[in-house]
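> Kindly return the folded structure for what I paste below:
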Amino acid sequence: MKIGNIDLGDKPLLLAPMEDVTDPSFRLICKEQGADMVYTEFVSSDGLVRDVRKTIEKMSTSPQESPVGIQIYGSDPDSMVEAAKMADDAARLTGGYGADIIDINFGCPVSRIAGRGAGSGMMREPDKMVEITRRVVEAVSKPVTVKTRLGWDDDSKIIVELAERLQDAGIQALTIHGRTRCQMYKGEADWSLIGQVKDNPRMHIPIIGNGDINTPEKAARAYADYGVDGIMVGRASFGHPWIFREMKYFLEHGVAPEPLSVPERVAIAKRHYALSRQYKGDVRGTYEMRRHLSCYFKGLPDFKGTRMQLVTEMDPDKVIGILDYIEEKWGGTTIESQTNVYGV
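You can find the predicted model right below:
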């Protein structure tokens with residue numbers, strides 16, 4: 001699959017942009033665990049235009065993440081154009097690597113974004129969505145992609161026609177989450193409409209499917225049943241970044257790999273924690289790592305007390321000591337079912 005001149009290979013796996021999750025440390029860990037492409041957290045166009053420091057920081061990336069996309073969101077066409085230009089120039093603005101692509105977020109369903117007409121709130125204004133897309137494409141030099149949903153609700157699933165219009169506006173790939181905005185993340189993702197977009201003979205850009213892909217077997221079925229060019233993995237990667245490695249193994253060999261051992265999980269957790277501290281310092285890096293450490297070892301027996309230590313301890317040396325204790329006490333324990341453990 002190619003996005004512009006970026007070759008992601010056959011059956012690529014992409015890490016979905018997720019607010020408060022896909023920061024630099026998590027992106028690098030997922031990249032090391034097999035993700036073919038990663039995305040930043042959502043970047044507010046209004047925040048960029050107002051020169052908000054924390055918003056600009058979200059565009060900071062490293063060469064090790066490449067290919068990496070910066071995802072922007074907003075509802076005002078002029079602000080989106082200016083934000084896209086800043087994302088296009090992110091290497092200079094942040095002193096980092098920058099972006100290989102610019103992705104437009106027309107898919108986020110949370111109220112503070114969609115309720116203001118941005119994200120999947122744009123599904124109620126498809127003409128405006130297409131206008132923003134066209135203007136962004138014209139304003140930047142890098143490939144532009146879009147992530148969106150099936151529609152606003154069950155009575156307005158407009159994705160098949162909308163996909164053509166977005167393609168005509170100049171995007172070079174389209175990611176579709178198989179739910180409406182009103183569904184949020186509830187119910188089962190409907191991949192049939194994703195398949196219809198892919199089967200449309202007028203579509204020639206890559207179609208990437210997203211929604212409920214939480215096991216290697218589901219990834220393989222999505223490729224086989226719907227013919228998508230790529231798969232984007234979101235919530236299933238949280239606390240489980242090695243899911244990309246597991247999916248790649250299954251896609252290549254047709255069988256699931258051996259479950260990751262507790263010592264292997266500890267090693268990844270330590271690597272992730274070191275990156276978090278490197279990018280954000282000991283205090284913030286430790287605080288923000290809690291949400292990940294609390295999930296790395298779900299499924300271990302009699303783990304509640306140790307988990308509480310992991311999510312309350314702020315001394316980096318003591319956090320490492322707790323991880324060493326986990327390896328020592330549960331080193332021979334096998335966690336079997338990832339789907340049941342992670343509940344996604």
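> Strands along the stretch 201-344 of the chain, start to end?
Assignment of strands within the stretch 201-344 of the chain using DSSP state E, counting those that start in this stretch yields the ranges 207-210, 230-233.
> With distance to Ile243 as new columns, can those strands be given to me in a markdown table?
All C-beta atoms are positioned from the backbone trio N, CA, C, and that covers glycine. Converted to a markdown table, the strands of the stretch 201-344 of the chain look like this (distance: least, C-beta to C-beta, whole Å):
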| stretch | distance to Ile243 |
| --- | --- |
| strand 207-210 | 14 |
| strand 230-233 | 6 |
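> With Pro17 as the reference, name the closest of these.
Nearest to Pro17, of all the strands of the stretch 201-344 of the chain, is strand 230-233, at 9.1 Å by C-beta to C-beta.
> Other residues contacting the closest one?
With contact meaning C-beta atoms under 8 Å, 6 or more residues apart in numbering, strand 230-233 is reached by 1, 8, 11-16, 35-36, 147, 173, 175, 206-210, 213-214, 219, 222-223, 243-244, 247.
> Looking at the strands of the stretch 201-344 of the chain, which is nearest to Asp23?
Closest approach to Asp23 among the strands of the stretch 201-344 of the chain (C-beta to C-beta): strand 230-233, 16.7 Å.
> Centre of the chain to that closest one, how far?
The chain centre lies 9 Å from the centre of strand 230-233; the measure is C-alpha atoms, centre = their mean, to the nearest Å.
> So what are the sheet partners of it and their directions?
Applying DSSP bridges, strand 230-233 is found paired with strand 13-15 (parallel), strand 207-210 (parallel).
> Pull up the gap between Ala173 and Thr333, please.
Counting by C-beta to C-beta, to the nearest Å, the gap from Ala173 to Thr333 is 41 Å.
> List the residues that contact Glu161.
Glu161 makes contact with no residue, according to C-beta under 8 Å, 6+ apart.
> Would you indicate which residues of the lengthiest helix in the chain are buried?
If you go by DSSP state H, the chain has its longest helix at helix 262-296. For helix 262-296, burial by neighbour count (16 or more other C-beta atoms under 10 Å) applies to 262, 265-266, 268-269, 272-273, 275-277, 279-280, 285-286, 288-290, 292-293, 296.
> Let me know the average pLDDT across it.
Summarised as a single mean, pLDDT over helix 262-296 is 95.
> Which strands or helices does that helix pack on?
helix 24-32, helix 304-310, helix 316-330 (3 or more C-beta pairs under 8 Å, 6 or more residues apart in numbering; DSSP states H and E).
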